[in-house]
Every structure is written in C-alpha cells, then in structure tokens.
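# 3D model of this:
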Amino acid sequence: MATFQQIKGVPPPTLKDVPIVADTIPGIIVGTLLVLFGAGLIQLHRTSWFHRQHDDELSDDDYQFFSRQYRRRMQTSSLLILIGFLIVIGDSPYMPWKTYPGLFAVYWLGILLIAFWVILSAIGDMSASRVRSTTLISRIQDQQRILEKQLSELRQKHQGKSQSSEDDETSETKD
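Take a look at the predicted model:
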C-alpha cells in the first residue's frame, strides 16, 4: 500500500500526483455506490413528496405526518451520500493515517457515528410508520364494527317488518 510520510519542510504531494492503489478501489466502489444510492433515494422522496403535496384528499394530520416523514428520509439519504464521500476520502492514499493514527481513529469513528445515526433514523421512521398504520387500521376496524352494528339493526328492523306483514296477511286470510 502506498502511503505518504510527511517529511518536515516538504509539502505533501498534490492529488494529481497520488497514484490509485489497488487497496483504494473497494473504498471507491463502496463510496460511489452509497452516493448513487443516496441520490436515488432523494429523487424518490422528492417525487413522492411532490405528489403528496398536490393531493387534495389528505387531511392535516396526514400532511403533517408525510412532511415529517419526508424530512426524516431526506436527512437519512443525505447522510448516506455524506458517508459515501467520507469513505472515498478516508480510503485515499493521500490521507496521512500512518503519521496521525489518532486522526485515523477519530475520522472513522465519526463515520461510524454517522452510520449509527442513519440506522437510528431508519428505525425511527419505521416505528413512526408502524404506529401510524396501526392507528389507521384501528380506526378502520372501529368504523367496520359501527357499520356491522348498523347493518344488523337494519336487518332486524327489516325482519320485524316482514314478520308483521306476514302476520297481517295470515290474519286477513283467516277472516
């Protein structure tokens, strides 16, 4: 692996002078894939939010939920892009990790903390969506029970009317 030792009085090499080492290729691939994945997610979130903003049937509660969801998802996707860039930068041979091992530890710890925050944000988004869907399902079930009760009452009234009309018909035939 080609690394550059900082010699006192000699400036570090410029980026154009740094050769791409085979060890950096996986970092470049992973970082680039994260950047592309995050950018694709951002485009999907923007499209979805655009359609939801123009949906006239959304209630205020739904609009607020989708607004918060959009912010959470945009933050998570943006952090994925940031992590991708940081991986590419951190894996470059230009970084003086051998000279400053403490900086190496802090840098990658920072990337891990950002990744942990992305995971927590994703879990929070899943939890919020689950709570909302559970609430909506319980409302639908409540409405279903009310409608079933009304249907049962209507059937009983209809059966009561049909029995009374049958009783009237049988009493008229007896006369």
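# Tell me the first helix or strand C-terminal of the host helix or strand of Thr32.
Of the helices and strands defined by DSSP states H and E, Thr32 is found in helix 25-53. Once the chain leaves helix 25-53, the next helix or strand it forms, by DSSP H and E, is helix 60-90.
# quick check, distance from that following helix to the centre of its chain.
Averaging C-alpha positions (CA atoms, centre = their mean, to the nearest Å) puts helix 60-90 8 Å from its chain's average.
# Could you list every helix and strand in contact with it?
helix 25-53, helix 101-174 (3 or more CB pairs under 8 Å, 6 or more residues apart in numbering; DSSP states H and E). (C-beta placed from N, C-alpha, C; glycine too.)
# between the longest one and helix 60-90, how many degrees?
Orientation note: helix 101-174 sits at an angle of 150 degrees relative to helix 60-90 (axes from the mean of the first three to the mean of the last three CA atoms, to 10 degrees).
# quick one, helix 101-174 and helix 25-53 angle?
Interaxial angle, helix 101-174 versus helix 25-53 (the same axes, to 10 degrees): 40 degrees.
# Determine the set of other helices and strands touching helix 101-174.
Packing partners of helix 101-174 (3+ CB pairs under 8 Å, 6+ apart): helix 60-90.
# Quick check: buried residues in the helix it packs on?
For helix 60-90, a neighbour-count test (16 or more other CB atoms under 10 Å) marks 65-66, 69-70, 72-73, 76-77, 79-84, 86-88, 90 as buried.
# Now Pro93, what are its backbone angles?
Backbone dihedrals for Pro93, given as degrees, to the nearest 10, come out at phi -70, psi -10.
# Report the separation between it and Lys8.
Distance, Pro93 to Lys8, by CB to CB, to the nearest Å: 20 Å.
# of the two, who's got more company?
Pro93 (17 against 4; other CB atoms under 10 Å).
# Wait, that one touches Gly27, no?
No: at 10.2 Å, Pro93 does not count as touching Gly27 under the criterion of CB atoms under 8 Å.
# Point to the residue nearest the middle of this protein.
Taking CA atoms, centre = their mean as the criterion, Arg73 is the residue nearest the geometric centre of the chain, at 4.7 Å.
# ok, the nearest residue to that residue once chain neighbours are set aside - contacts?
Take Arg73 and drop its neighbours on the chain: the residue closest to it by CB to CB, 6 or more residues apart in numbering is His45, 4.8 Å away. His45 makes contact with Tyr70, Arg73, Met74, Ser77, according to CB atoms under 8 Å, 6 or more residues apart in numbering.
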